[in-house]
Every structure is written in C-alpha cells, then in structure tokens.
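A.B. asks: Sequence plus the predicted model coming up.
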Amino acid sequence: MKQISFAQAEHQNKKKVTRRERFLAQMDALVPWQQLIEALSSSYFPNAAGKRGRPPIGLERMLRIYFLQQWYALADEALEDAIYDSQAMRDFIGIDLAVESVPDATTLLRFRHLLEKHALTQRIFEEINASLAEQGLFMREGTIVDATIVAAAHSTKNKARQRDPEMKQTRKGNQYFFGMKAHIGVDAVTGLTHSVAATSANVADVTMAGALVREDDKRVYGDAGYTGLWKYLDEEKDAPDSRCCIAAKRGTLKKMEDSSVKTLLLAIEKAKASIRAKVEHPFHVIKNLFGYRKVRYRGLAKNQAQLFTLFALGNLVLAGRCQGHANGASAS
C-alpha cells in the first residue's frame with residue numbers, strides 16, 4: 001500500500017469538497033478508460049525503457065492530462081503550472097510530487113501531435129460514444145443538426161504576417177465573424193453528439209448536413225438555415241416520406257395574416273423549436289463549462305481534432321446529467 005504524503009493527507013482531511021473535485025470524480029467514473037487504452041495503445045509509442053530520452057509515461061496518465069487541458073481550456077505551459085498548483089488535479093492524474101514530477105509542456109505538446117497525426121481524437125470520440133450506446137443513451141430516432149461559429153485571431157501581428165488562410169469571414173445578422181464553424185449532429189432524444197465536422201466560417205450550414213445525418217434516422221431537424229436540406233439527403237422536395245423537419249423562415253410567418261392557419265403553423269413551429277433546443281446543450285457545455293470560445297490552433301485539421309475530444313467529453317457531462325435525473329426519478 002502506497003504511503004500518502006503530508007500534503008495529500010492535509011488535503012484529504014479538509015471538510016469541504018470543491019466543485020473541481022466533484023467534477024473530476026464524476027468524470028473519472030464516466031470515462032471508459034480501459035476501452036480508450038485498448039483502442040489507442042497500438043498507436044502510442046513511448047520511449048522504450050533503457051533508451052536515451054525522457055522516461056516513458058503511461059497512456060492513461062497522458063490521457064488524463066490531455067482531458068484536463070480540454071476541460072479547463074489551458075495551454076501546455078499553463079496546464080503544467082496548474083497541475084503543480086492543484087492537489088485535485090494531481091489526485092486525478094495520480095501524481096505524487098514527493099516521488100515524481102509533472103510531465104513538462106513539451107511532453108504534452110508531443111502527445112497532442114501524436115493524437116492529431118494518427119486521428120486518435122476521432123477514435124476517442126467513437127469509443128466514448130460506443131460506451132454510451134451500450135448504456136442505451138443513443139436512441140437513433142432522429143438527428144438535430146446545427147452549427148456554431150468559433151472565432152479565430154484576425155490579427156496579422158505574427159511571424160507569418162497574415163491571418164490563418166483556412167479561417168474565413170462570414171456574416172451573421174448585422175455582424176461579421178472571422179474563424180471556423182463547428183457542425184454537429186445530435187441525437188434527437190438524448191441530445192448527445194454523434195457527428196462532428198469543422199469547416200471555414202463561410203461554409204453554409206446546409207451543405208454539411210449530409211455528413212451529420214445517420215442512415216437510419218427517421219427524422220432530421222434543423223433551423224431555417226437548413227432550408228433545402230432535402231437536396232443533400234437525396235430526397236424529393238415535399239415528398240410524403242421525407243425525413244426533413246426544418247423550421248420555417250420568420251419572414252414568411254410574419255407576412256401571413258392572422259388566421260387559424262397561422263395560429264396552427266406557429267404552434268407547429270413551437271413544437272419543432274422545443275425539439276431543436278437539445279442541440280444547444282453540447283454547445284453550452286464546450287463553450288461555457290469548458291471555456292472553448294476561440295480557436296487555439298492554426299489550420300482546420302488541428303482544430304477539428306480538438307473538437308472531437310471536446311464533444312466526446314461533453315457527451316460524458318450530458319450523460320452524467322441524464323443518469324442523475326434518472327436516479328432522482330427512481331428515488332422519488
């Protein structure tokens with residue numbers, strides 16, 4: 001049995017459990033660690049023992065550090081400092097400063113590049129979703145599609161003297177944005193993300209819908225930006241068996257005169273909006289809980305790799321809430 005240090009003993013004896021400790025304990029229980037290790041181990045090559053270079057670090061430990069970086073929106077150097085400062089983070093990773101040090105920022109950088117090179121963040125997304133599917137949290141009744149703009153640095157005060165060439169400018173309402181778009185497909189029943197794609201900000205939402213919809217979806221929901229979705233799903237316009245359930249444009253409804261027909265249409269649109277509301281939950285998690293509001297890296301490939309991880313971890317947060325609600329309902 002490993003003896004704990006004085007710092008760990010003092011931390012464990014405190015009376016208050018912080019929000020960070022509660023969150024990390026919940027995530028530790030929800031992440032399918034064994035499945036992730038088995039899926040990624042063939043592509044993870046730490047330095048072999050006895051060879052020159054840094055000593056090897058276990059895959060699970062590096063995954064825990066990488067997930068901390070996504071949960072708290074930290075740069076490599078900032079994450080290294082945060083782990084030294086936070087006992088809760090060190091307990092989550094399993095680091096005892098009395099016998100070992102925290103992996104430095106360069107090690108974190110190389111691990112992230114390894115994940116990007118071998119498309120392992122997409123594998124993380126798939127494995128976490130597979131684990132949630134085994135728990136019955138993907139109903140496959142329908143998909144809600146939506147997109148959000150993620151701002152990128154528009155300054156040219158950098159080494160290349162130019163903006164990121166893969167980021168573009170777009171207009172939303174009366175305001176212009178520069179960056180990329182995160183497109184997602186969400187399970188219409190549980191609100192969990194099953195498809196992710198990243199494009200430049202000037203790409204129309206509806207053009208990406210075909211890559212976000214599952215083949216066995218019975219219904220596809222979207223806002224007015226997805227008008228004409230039937231073209232991208234290889235369906236005929238106004239077909240009786242069409243899966244498209246798209247919101248009507250506001251201008252069309254405003255032009256209608258007050259009548260029983262307009263009242264009925266407004267009630268239908270309200271019902272559609274109540275279903276589409278679930279698609280905002282993943283965006284809320286990654287933007288407000290994880291603090292992902294701006295693009296961190298240059299190029300779409302690196303940022304899409306990060307999106308896979310963010311939405312996978314966001315699914316765990318939403319799944320934890322579903323389980324909490326289910327336990328509360330069963331207790332009552």
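C.D. replies: Arrived safely, thanks for sending.
A.B. asks: okay, CA-based contacts and neighbour counts for the rest of this
C.D. replies: Noted.
A.B. asks: Now residue 194: which helix or strand?
C.D. replies: Per DSSP states H and E: residue 194 is located in strand 193-200.
A.B. asks: Partner strands of that strand, with direction?
C.D. replies: Note on strand 193-200: by DSSP bridges, its sheet partners are strand 175-187 (antiparallel).
A.B. asks: Report the central residue of the chain.
C.D. replies: The chain has residue 311 as the residue nearest its centroid, 1.6 Å off, counting by C-alpha atoms, centre = their mean.
A.B. asks: Need the contact partners of the helix or strand where residue 220 lies.
C.D. replies: Using DSSP H and E, residue 220 sits within strand 219-222. With C-alpha atoms under 8 Å, 6 or more residues apart in numbering as the test, strand 219-222 has contacts from 141-146, 213, 243-247, 272, 275-276.
A.B. asks: do that again at 6 Å, thanks
C.D. replies: 142-145, 243-246 (C-alpha atoms under 6 Å, 6 or more residues apart in numbering).
A.B. asks: tell me the mean pLDDT for that strand?
C.D. replies: The pLDDT scores in strand 219-222 average 94.
A.B. asks: now the residue nearest to the centre of the chain: how far from residue 218?
C.D. replies: 23 Å (C-alpha to C-alpha, to the nearest Å).
A.B. asks: can you check residue 208 too?
C.D. replies: Here the criterion is C-alpha to C-alpha. By it, residue 208 lies 18 Å from residue 218.
A.B. asks: more crowded one of those two?
C.D. replies: More crowded of residue 208 and residue 218, by other C-alpha atoms under 10 Å: residue 208, with 22 against 14.
A.B. asks: In strands, which of the contacts of strand 219-222 appear?
C.D. replies: Residues of the contacts of strand 219-222 located in strands (DSSP state E): 142-145, 244-246.
A.B. asks: Going by distance to residue 111, which of the residues you listed wins?
C.D. replies: residue 145 (31.7 Å; C-alpha to C-alpha).
A.B. asks: who's in contact with the closest one?
C.D. replies: With contact taken as C-alpha under 6 Å, 6+ apart, residue 145 is in contact with 184-185, 222.
A.B. asks: Show me how far stretch 312-325 is from its chain's centre.
C.D. replies: 12 Å (C-alpha atoms, centre = their mean, to the nearest Å).
A.B. asks: unless I'm mixing things up, residue 76 is touching residue 107, no?
C.D. replies: No: using C-alpha atoms under 6 Å, residue 76 makes no contact with residue 107, being 9.0 Å away.
A.B. asks: neighbour-wise, which of these two wins?
C.D. replies: Set side by side, residue 76 and residue 107 show more neighbours around residue 76, with 18 against 15, by other C-alpha under 10 Å.
A.B. asks: residues contacting that one?
C.D. replies: By C-alpha under 6 Å, 6+ apart, the contact set of residue 76 is residue 105.
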